[in-house]
Every structure is written in structure tokens, then in C-alpha cells.
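Enquirer: Any chance you could fold what I've pasted below:
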Amino acid sequence: MDHGEDSGSEDSSSAGYGIKCSRANLVTSVTLERGGAAGPMEALTINVSHRGMGFYVPERIEVGKEVLINITYFPGGDAKWVETVCGVVKWCRPIGNWHGAGVEFKYLDPDQQSLLISYIESALQFHHVHPH
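Expert: Residues are numbered from 1 along each chain as shown. Reported below is the predicted structural model:
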């Protein structure tokens, strides 16, 4: 899914410098916590960047809504690691029976989201060295 948008933001420039924010493919299941009565929602990630993450979700998510993204690493193994990232829904559009959505991260903290940051940097480095 590529609507010409960055995962988390319709504005695809990085820090206002006119540099397109590179995205890495990331296909995994995550849980979105939407707060209030909405309860958690399972989502399937599409891609990720330092700015945000794209998803397929089973129902519409309100644009502007703050969400917590719980990413579980090694879910089938004995050791399980969960990182939580806070973000804001920037766009959500129907795609068949699902919805595509983009969440812009509020921040990425190297102490709290070290695995996610490491994945993004490694994937983007690999893509840079081995372009399509």
C-alpha cells in the first residue's frame, strides 16, 4: 500500500528540510491501544520509518486520535520483548473490508524503543546498499 504518503504523515518531508522520509517494510502484528471504551485493536503493519508506521486495521481509527502501539518481538519464543510507542493517527482510508492508516510517532526514545530503532536503521541501511 503506497498512497504517496509517509507512514505517519501526509507531509513527507523530514524535519522541514524537504528530505523524503525513507520507509522500511515491516510486516508484523501489533496491538493498538486507543484509550477509553474503544479497547485494544489488532493491526497488521505495512511499513515503518523514524517518523511513523503504516497499518492495515479492521475498522476505522479517528484521525487525530492518540494511540499506543505495542510491538511484541519473538512472540513464539521463550523470551518475549514488548516495546510501546506513542503516536497520533494522521490518516485513515478504507481499503476493501479493511482500512489503511498512518500513525506519526510522538517520539522515539533509544532507551525505550531500541529494537524498533535498530530495525529501522538496519533495514534502511540494507535498502541503501542493495537498492531494488
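Enquirer: in this structure, which spans are strands?
Expert: Under the criterion DSSP state E, the chain carries strands at the ranges 24-25, 29-33, 40-48, 52-57, 66-73, 81-95, 98-105.
Enquirer: so how far is the last one off the chain centroid?
Expert: On the basis of C-alpha atoms, centre = their mean, to the nearest Å, strand 98-105 is displaced by 7 Å from the centre of the chain it belongs to.
Enquirer: related to what we said a few turns ago, could you identify which of the strands of the chain has the lowest mean pLDDT?
Expert: Ranked by mean pLDDT, those bottom out at strand 24-25, with a mean of 80.
Enquirer: That one pairs with which strands, parallel or anti?
Expert: strand 40-48 (antiparallel) (DSSP bridges).
Enquirer: quick one, the partner strand and strand 29-33 angle?
Expert: Note on geometry: by axes from the mean of the first three to the mean of the last three C-alpha atoms, to 10 degrees, strand 40-48 and strand 29-33 are set 120 degrees apart in direction.
Enquirer: on that earlier part again, and the strands of the chain: which comes nearest Gln112?
Expert: strand 81-95 (6.8 Å; C-beta to C-beta). For glycine as for every other residue, the C-beta is placed from the backbone atoms N, C-alpha and C.
Enquirer: Stretch 52-66: end-to-end distance?
Expert: Using C-alpha to C-alpha, to the nearest Å, one end of stretch 52-66 lies 13 Å from the other.
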